[in-house]
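Trainee: Give me the fold of what follows.
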Amino acid sequence: MSELTITTEAEFIRSGSTTFRQTNLAFFAAGFVTFITLYDVQPLLPEFAREFGVPAALASLPLSVTTCTLAIAMLLVGTVSETLGRKPVMVFSLFLTSLLAFTTAFSHTLSSLIVVRLLQGVVLAGLPSVAMAYLSEEIDPPSIGAAMGLYISGNAIGGMSGRIFTATVTDLSSWRTALALIGVACLGLSVYFVRHLPPSAHFRRHPFEVGYLFTSLYRQMRDPALLCLYGLGFLIMGSFVTLYNYITFRLLGHPYDLTQTLVSLIFLVYFLGSYSSSSMGRMVNRFGRRAMICVGLGAMAVGTAITLAAPLTWIIVGVAVFTCGFFGAHSVASSWVGRHAKTGKAQASSLYLFFYYLGSSISGTAGGFCWTHGGWDGVAGLIGLLLATAFVVIALSTRLSTEHASGGIVGKI
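Mentor: Residues are numbered from 1 along each chain as shown. Got it, this is the predicted structure:
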């Protein structure tokens, strides 16, 4: 009888169960906290440029330094979670992130804001890479795509809410008030996460060893299929952040001259992104990962082209199409990283997110130079270059997988 009990307790979390719903809601809340605090400053970039008297590229640094330190810290945090456990690391990350989000409200110079945001990127690392590893370990394999899609939905809605809320409160009061209120709300959601996430059932503890970290990272970097996914993460996220960083500059300026609140409403298209991440995650089993990633990239390219039109309606349509493509492609690529990695899942996930956020940091700031010297045409040109490179990576991945792998990702990316 005891053996039967142990077997039951060790079962994977299956779609449709109460535990599955609780886990999804907990990660939805966690994703919400992560992305509302990560991107709450994005609609404020024109405000930073005005208040601190700096060009667009420098105004983007409060976001770029956060994603940069987030990318670097995730390489270490994934291994720390192998020793301390998945849930403790994620809980610590959420609470400290919320406190730092509150602290940003008291930054009165650009340099002090950048320092706090830099620290915020470090502590934020405890959630994204560990979340992917937790889901890969605890969720029933056929349900991983749907679970990852729902988690990314929380990311999408959190990012959308942070942008809209920050812009609206900035118009009504100030950006400092907006950031303080976000910090308080995130503390409440962190408590919800602690109470509803089940403990790990399939986690196997490893002692923390620097040698193990570098060996595991090196092993993941030698896998050609994973390398292609890492490259896609860099290019997909670089495109996404570049578009959203500078669409606000475009719409706040002539001939649109919109308010912060009105510009922020464009982020409502995140609801479409939430839907596309879940639906494309489910369609993978029918059409294959490679096909679905290509669909996502194609939608991003079409959306970018549409934004070149002058009418505001067409710009919104273009952003909506682009957003659906991004969340769909990211959902498919990120879920397959944890699924493909047979060992060192946390390191594989960390490497994917390292390149993912590195793309955000580099392209997000590079887009500022494109905006300054080429306007929106320059920004769209940079995005087009990134997406064209992503299609090249997809084409190369099939040949590399065929030559170097015997299973897993072959023919599916």
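
Trainee: Show me which positions of the host helix or strand of residue 30 end up buried.
Mentor: Using DSSP states H and E, residue 30 maps to helix 18-39. Of the residues in helix 18-39, those buried by neighbour count under the rule 16 or more other Cβ atoms under 10 Å are 20, 23-39. Any C-beta I mention is one placed from the backbone N, CA and C, and that applies to glycine too.

Trainee: now stretch 211-221
Mentor: Across stretch 211-221, burial judged by 16+ other Cβ under 10 Å covers 212-213, 216-217, 219-220.

Trainee: Which of the residues you listed fall within helices?
Mentor: Residues of those located in helices (DSSP state H): 212-213, 216-217, 219-220.

Trainee: Show me which pair in the residues you listed is furthest apart.
Mentor: Distance extremes for these: the farthest pair is 212 and 220 at 12.5 Å, using Cβ to Cβ.

Trainee: okay, the closest residue in space to residue 202 that isn't next to it in sequence: pLDDT?
Mentor: Leaving aside its sequence neighbours, residue 202 sits nearest to residue 137 (Cβ to Cβ, 6 or more residues apart in numbering; 4.6 Å). On the pLDDT scale, residue 137 is placed at 84.

Trainee: wait, what's in contact with residue 137?
Mentor: Residue 137 sits next to 86, 200, 202-203, 345 when contact means Cβ atoms under 8 Å, 6 or more residues apart in numbering.

Trainee: So which elements touch the helix or strand that comes right after the helix holding residue 30?
Mentor: For helix 18-39, the succeeding helix or strand toward the C-terminus, using DSSP H and E, is helix 45-52. The contact analysis (3 or more Cβ pairs under 8 Å, 6 or more residues apart in numbering; DSSP states H and E) places helix 45-52 against helix 56-59, helix 61-84, helix 110-124, helix 224-252.

Trainee: average model confidence for helix 45-52?
Mentor: 94.

Trainee: Could you state which residue of the protein sits nearest its centroid?
Mentor: residue 155 (6.8 Å; Cα atoms, centre = their mean).

Trainee: That one: which element?
Mentor: Assignment of secondary structure by DSSP H and E places residue 155 within helix 144-172.

Trainee: Helix 45-52 and that helix, what's the angle between them?
Mentor: Taking axes from the mean of the first three to the mean of the last three Cα atoms, to 10 degrees, helix 144-172 and helix 45-52 form an angle of 40 degrees between their directions.

Trainee: Counting neighbours, which bits of whichever helix or strand comes after helix 144-172 end up buried?
Mentor: Per DSSP H and E, the first helix or strand lying C-terminal to helix 144-172 is helix 175-196. By neighbour count, with 16+ other Cβ under 10 Å as the criterion, the buried positions of helix 175-196 are 175, 178-183, 185-187, 189-190, 192-193.

Trainee: ditto for stretch 87-101
Mentor: Under the neighbour-count rule (16+ other Cβ under 10 Å), stretch 87-101 has 87, 89-98, 100-101 buried.

Trainee: Out of those, list just those in helices.
Mentor: Mapping the buried residues of stretch 87-101 onto helices (DSSP H) picks out 87, 89-98, 100-101.

Trainee: and which of those is nearest to residue 146?
Mentor: Distance ranking of these against residue 146, using Cβ to Cβ, places residue 90 first at 20.3 Å.

Trainee: Mind checking the pLDDT average for the helix ranked longest in the chain?
Mentor: In the chain, taking DSSP H as the definition, the longest helix is helix 345-404. Per-residue confidence for helix 345-404 averages out to 88 on the pLDDT scale.

Trainee: tell me the angle of it relative to helix 110-124?
Mentor: Compare the direction of helix 345-404 with that of helix 110-124 by the same axes, to 10 degrees and you get 80 degrees.

Trainee: just checking, residue 360 touches residue 235?
Mentor: No: Residue 360 is beyond contact range of residue 235, at 11.0 Å (criterion: Cβ atoms under 8 Å).

Trainee: about what we covered before: check the contacts of residue 137 and tell me the two furthest apart.
Mentor: The largest separation in the contacts of residue 137, counting by Cβ to Cβ, is between 200 and 345 at 12.2 Å.

Trainee: which one of these two has more residues nearby?
Mentor: residue 345 (24 against 17; other Cβ atoms under 10 Å).

Trainee: Poorly predicted segments of the stretch 201-350 of the chain, please.
Mentor: Of all residues in the stretch 201-350 of the chain, those with pLDDT under 70 make up the ranges 206, 208, 212, 274, 278, 281, 285, 338-346.

Trainee: What distance do you get for the nearest residue to residue 144 once chain neighbours are set aside to residue 32?
Mentor: For residue 144, ignoring the flanking residues on the chain, the nearest one in space by Cβ to Cβ, 6+ apart is residue 335 at 5.8 Å. Distance, residue 335 to residue 32, by Cβ to Cβ, to the nearest Å: 19 Å.

Trainee: Likewise for residue 102?
Mentor: In this structure, residue 102 lies at 16 Å from residue 32, with Cβ to Cβ as the measure.

Trainee: ditto for residue 161
Mentor: Using Cβ to Cβ, residue 161 is found at 7 Å from residue 32.

Trainee: What of residue 22?
Mentor: Residue 22 sits 16 Å away from residue 32, taking Cβ to Cβ as the criterion.

Trainee: Same check on residue 107?
Mentor: In this view, residue 107 and residue 32 are 23 Å apart by Cβ to Cβ.

Trainee: just residue 253 next, same as before
Mentor: Residue 253 sits 31 Å away from residue 32, taking Cβ to Cβ as the criterion.

Trainee: isn't residue 267 right up against residue 156?
Mentor: No: between residue 267 and residue 156 no contact is recorded; they are 9.8 Å apart, counting by Cβ under 8 Å.

Trainee: Between those two, which has more neighbouring residues?
Mentor: For the pair residue 267 and residue 156, the greater number of neighbours falls to residue 156 (29 against 26), based on other Cβ under 10 Å.
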